[in-house]
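> prediction below, plus the sequence it came from.
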Amino acid sequence: MGLITKAPRGTQDVLPADSYKWQYVEQTAIGVARDFGYEEMRTPVFEHTELFLRSVGETTDVVQKEMYTFQDKGDRSITLRPEGTAGAARALLEHSLHAGALPMKVCYLTSCYRYEKPQAGRLREFHQFGVECFGAAEPQADAEVIGLAHMVLSTLGVTGVKLHINSIGCPHCRPTYTATLKAYFEARSAELCETCRDRLDRNPMRILDCKSPVCHEIAAGAPVMIDYLCDDCKTHFDRVKACLDAAQLPYEVDVHIVRGLDYYTRTVFEFVSDALGAQAVVCGGGRYDGLIEELGGNHLPSLGFGMGIERLLMVLEAQEASMPEPPRTELYLAPMGERAVTACFEMALRLREGGVSVQTDLTGRGLKAQMKYADKIGARFVIVVGDDELDTGKAVLKEMETGEQTELMLDELYTTLYNKALDRELAGMTDLFSQVVEEG
RNA sequence: GUGGGUGUAGCGUAGUUGGUUAUCGCGCCAGAUUGUGGCUCUGGAGGUCGAGGGUUCGACUCCCUCCACCCACCCCA
């Protein structure tokens, strides 16, 4: 197979058979966010590289080795967005959205790009649903954002997902902690794995996350940020937890959560699924009180999260969750002969104008093949239109599932279909009603 | 970037000391009395056996290189 018939590494096509799942997930997420006051924002796929250096952080892996960066023809350094927060923050500043009503709540559905080696739950192009809440310093904002993520997951029927939260402090208390942590690991540096010895200088907090057994054991006894929080951070975290408790949102404080993006402060959280492979984080986010300042704005405490659509779909797939499928073609018009082809073409257009989903023959196939096609696409009704029908105006409406045939006049077709649809809807409501009665 | 596993039609597969035109199932297309789908039967199309090179009279099969996919490390959504 030649290169042009192969999508680039780490990318995925969403095929017609699956796109309804994406639409369902996306609409659900946007809908829940709207209930929380979030409005959609769309920002460009690419930004000035500088934006990500400043926000995500120059020492992070994302920036150091995973960005799709290139020079454009005007010799600007451009980068395909590796995450969604930076672009949203940039747009906020560029359009002075923070001058309007605060907090400023936005959400988005975006593709993100990271040059990584693909594996289960990890792609080079992936999609994220994200929210950002700008200008909300209070702990209830943290809880609300977490609650929003939780509600998106529960509305979709996701199960087996756990919420982990932590506080990683602020610029006032973190340096003290980092120094303490570094001293602790340095004392036992000989035992650490090679990568963790490198991390000692770059970012000792990463060692807490190491999966190697020895490091893990050493890390287990390491001082944790929580114990070094300044009074403000501690109070903030306590109140976040109090809100979550009050809302009965179950969580686990996981002192080892360390986010890999530099802008995070105070609250960080992850929703972790047991249905995924090693990439278990379905949703990750937290507070970034310093980011807007870092990008040249005023101090504007903010927070948000990103949710991986592919991972979300993997979880739903794993638990065999049902998702509402879009309605199938209502009617297939099977023309016999040239006169009928023209008539069906015209009839189909009229019916579609009335909101009926109709298909008719485009291939010149025989009747049998057309019936097969109608069956395959799941058409609910079929009408064969030949010279007889055109001459008399009478036709037979066949219901595919039951084989039941109804005689009708072609010029009453729309009304008939409308009534049938209405009957179905009523029947559905009756079913729903009896179900409710049965369940008490 | 580092490991491990896997590559035969759209999908799932047979091909086991290298030996004619590379299996089979599903799917697709067409037929089985003139205008009716699902079941059955018959026929047909579709493959540079992941790619390139090497060994050999002869390679899907053996050797080398590369590529892709899957999984893990790392990192994160």
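That came through, no problem. Numbers count the residues shown, from 1 in each chain, chains lettered A, B, ... in the order given.

> switch to C-alpha atoms for all contacts and neighbour counts from now on
Will do.

> so how far is A:Leu316 from the nearest residue to A:Thr79 once chain neighbours are set aside?
Distances taken as C-alpha to C-alpha, 6 or more residues apart in numbering put A:Thr69 closest to A:Thr79, at 4.3 Å, once the chain neighbours are dropped. A:Thr69 is 33 Å from A:Leu316, where distance means C-alpha to C-alpha, to the nearest Å.

> for the residue in the stretch 51-200 of chain A that RNA strand B sits nearest to, which non-adjacent residue is spatially closest?
Nearest residue of the stretch 51-200 of chain A to RNA strand B: A:Ala120, at 3.0 Å (C-alpha to the nearest atom of the strand). Closest residue in space to A:Ala120, ignoring its immediate chain neighbours: A:Gly277 at 6.2 Å, by C-alpha to C-alpha, 6+ apart.

> how about that neighbour, phi and psi?
Phi and psi for A:Gly277, reported as degrees, to the nearest 10, are phi -80, psi -130.

> from RNA strand B, how far out is it?
Per C-alpha to the nearest atom of the strand, to the nearest Å, A:Gly277 is found 3 Å from RNA strand B.

> that residue and A:Gly121 touch, don't they?
Yes - with contact defined as C-alpha atoms under 8 Å, A:Gly277 reaches A:Gly121; the gap is 7.2 Å.

> which of the two has more neighbours?
The residue with more neighbours, out of A:Gly277 and A:Gly121, is A:Gly121; 21 against 14, by other C-alpha atoms under 10 Å.

> just to check, A:Val152 is in contact with A:Ala29?
Yes - with contacts counted by C-alpha under 8 Å, A:Val152 reaches A:Ala29, the gap being 5.5 Å.

> neighbour count winner among the two?
A count of neighbours by other C-alpha under 10 Å puts A:Ala29 above the other of A:Val152 and A:Ala29, at 25 against 20.

> element containing that one?
Here A:Ala29, judged by DSSP states H and E, is contained in helix A:19-35.

> helices or strands up against the host helix or strand of A:Asp375?
Assignment of secondary structure by DSSP H and E places A:Asp375 within helix A:367-376. Judged by 3 or more C-alpha pairs under 8 Å, 6 or more residues apart in numbering; DSSP states H and E, helix A:367-376 is in contact with strand A:331-335.

> next, count neighbours for A:Asp227.
11.

> how close does it get to RNA strand B?
In terms of C-alpha to the nearest atom of the strand, A:Asp227 sits 21 Å off from RNA strand B.

> who's in contact with that residue?
Applying C-alpha atoms under 8 Å, 6 or more residues apart in numbering, one finds that A:Asp227 lies in contact with no residue.

> doesn't it fall inside a helix?
Yes - the assignment for A:Asp227 by DSSP: H, G, I helix; E, B strand; the rest coil puts it in a helix.

> out of the helices and strands in chain A, which is least certain?
None of the helices or strands of chain A scores lower by mean pLDDT, DSSP states H and E than helix A:194-202, at a mean of 72.

> return the set of buried residues in that helix.
A:196-197, A:200 (16 or more other C-alpha atoms under 10 Å).

> same check on stretch A:99-108?
Quick answer for stretch A:99-108 (16+ other C-alpha under 10 Å): A:103-108.
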